[in-house]
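> what shape does this take:
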Amino acid sequence: MIYWVLKKIFLGPVLKVLFRPWTKGLDNVPTNGPAVLASNHLSFSDSIFMPLMVPRPVVFLAKSDYFTGRGIKGRLTAAFFKLTNQLPMDRSGGAASANSLDTGVEVLKNGGLLGIYPEGTRSPDGRLYRGKVGVAKLVLTANVPVIPVAMIGTDKVQPIGRRIPNIRRLGIIFGEPMDFSRYQGLQDDRFVQRSVTDEIMYELMRLSGQEYVDSYASTVKDKLAAEKAGKQDAAKSAGQPSKARAAVRVDPAETVAPGTVTVIGAKVELRPDVVRVEDELVDPDLGVGTAVESGEVPPAVP
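Here you go, the predicted structure:
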């Protein structure tokens, strides 16, 4: 109910007026029955504009982090995703990811439309990255057609890290249905999973016109994050003295020789023949600065 109110009355009309989204091939989306909408992923707003333009409700598998945020912002984000027909997708792998895919299969078995991003995360640079095989296992298990969807220009509307979107036009291209029924019963075959996934990614590349990179987007993101952290650490180190240099700066005139017996709270007097001249020690016997340079410390007065 709330989904339709947001789509038809509140958010939908406003977004259509502001961003004027155009579509191509919308008639390729079936009017009834299950199907997977496999899309490239350029922006957070992909999950808003694609279901906005599809007449039927679309359930998305979104990363589980969106549902577990803390504070006011985290709770509002979680509420938004729940109200817009999105389900948490655990991307950590293993049993957790398998359970998330099972949830998607249930949506398809009930005759719904399921949206998924085969890349697993947003593109860090606007290029199309290698797809993860979860989409193939999902499609082959449910034995449903795939509608490839190309989001155009959403990375310009809301680039990664930008909270307030830019007001500009965007587009969505819906490709012809892809049938993988020839692989029915082979959903656990890793070679078949990779073949189906690559076929979907090729169609997304053709529709979107993006450059294809045969690496996972998550791997590239981790590498970029590591490089950024390394540069920040290097800059921080360059702006601060090292521990070794800081140790050299200890003033010998204010220290006590090792082994000297002192009384807590008592003032320790320095040798009368050691005086300070412009932050250097002058010892009549050793010479200017010798104590600092050689590491010797004038003994305290007994």
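
> give me the contact list for the helix or strand hosting residue 62.
Here residue 62 sits within strand 58-63, counting by DSSP states H and E. The contact list for strand 58-63 (C-beta atoms under 8 Å, 6 or more residues apart in numbering) reads 37, 47, 50-51, 81, 84-89, 91, 100, 103-104, 107, 112-116, 121. Every C-beta, even on glycine, is put in place using the N, C-alpha and C of the backbone.

> quick one, strands of the chain?
Under the criterion DSSP state E, strands of the chain are mapped to 22-24, 35-39, 58-63, 86-89, 113-116, 128-129, 146-152, 171-174, 212-213, 275-277, 280-283, 287-288.

> now do the longest one against strand 58-63, angle only.
To tie it back to what came earlier, the one meant is strand 146-152. 70 degrees (axes from the mean of the first three to the mean of the last three C-alpha atoms, to 10 degrees).

> what residues sit buried inside the longest helix along the chain?
The longest helix of the chain (DSSP state H) is helix 217-239. Buried residues in helix 217-239, counting neighbours by 16 or more other C-beta atoms under 10 Å, are found at 217-218, 220-221.

> and the two most separated of the residues you listed?
Using C-beta to C-beta, these reach their maximum pairwise distance at 218 and 220, which is 7.4 Å.

> sketch out the low-pLDDT regions of the stretch 201-302 of the chain for me.
239-302 (pLDDT under 70).

> try 50 this time
Along the stretch 201-302 of the chain, segments meeting pLDDT under 50 span 242, 244-250, 256, 262, 264, 270, 274-302.

> returning to that earlier point: in a markdown table, list the strands of the chain along with mean neighbour count and distance to residue 158.
Shown next, in a markdown table, are the strands of the chain (neighbours: other C-beta atoms under 10 Å; distance: least, C-beta to C-beta, whole Å):
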| stretch | mean neighbour count | distance to residue 158 |
| --- | --- | --- |
| strand 22-24 | 14 | 17 |
| strand 35-39 | 25 | 15 |
| strand 58-63 | 22 | 15 |
| strand 86-89 | 20 | 17 |
| strand 113-116 | 25 | 17 |
| strand 128-129 | 26 | 18 |
| strand 146-152 | 25 | 11 |
| strand 171-174 | 21 | 15 |
| strand 212-213 | 16 | 22 |
| strand 275-277 | 11 | 62 |
| strand 280-283 | 17 | 60 |
| strand 287-288 | 12 | 65 |
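
> mind putting those in TSV, distance to residue 191 included?
What follows is those, written out as TSV (distance: least, C-beta to C-beta, whole Å):
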stretch	distance to residue 191
strand 22-24	33
strand 35-39	20
strand 58-63	24
strand 86-89	24
strand 113-116	21
strand 128-129	21
strand 146-152	18
strand 171-174	29
strand 212-213	20
strand 275-277	79
strand 280-283	76
strand 287-288	79
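
> would you confirm that residue 165 contacts residue 157?
Yes. Assessed by C-beta atoms under 8 Å, residue 165 is found in contact with residue 157 at 5.0 Å.

> quick one, which of these two is more surrounded?
More crowded of residue 165 and residue 157, by other C-beta atoms under 10 Å: residue 157, with 24 against 19.

> the more buried one against residue 164, yeah?
No. Counting by C-beta under 8 Å, residue 157 sits too far from residue 164 to count as a contact (10.5 Å).

> what residues are up against residue 36?
108, 113-116, 135, 138-139, 142, 144-147 are the contacts of residue 36 under C-beta under 8 Å, 6+ apart.

> same check on residue 208?
40, 128, 150-152, 173.

> tell me how far it lies from residue 168.
17 Å (C-beta to C-beta, to the nearest Å).

> kindly report the same for residue 189.
44 Å.

> before we move on, what about residue 152?
Per C-beta to C-beta, residue 152 is found 11 Å from residue 168.

> now swap in residue 51 and tell me
In terms of C-beta to C-beta, residue 51 sits 20 Å off from residue 168.

> stretch 49-65: end-to-end distance?
By C-alpha to C-alpha, to the nearest Å, the extent of stretch 49-65 from end to end equals 21 Å.

> residue 26: which of the contacts of residue 36 is nearest?
residue 147 (10.1 Å).

> who has more neighbours out of residue 51 and residue 168?
residue 51 (22 against 12).
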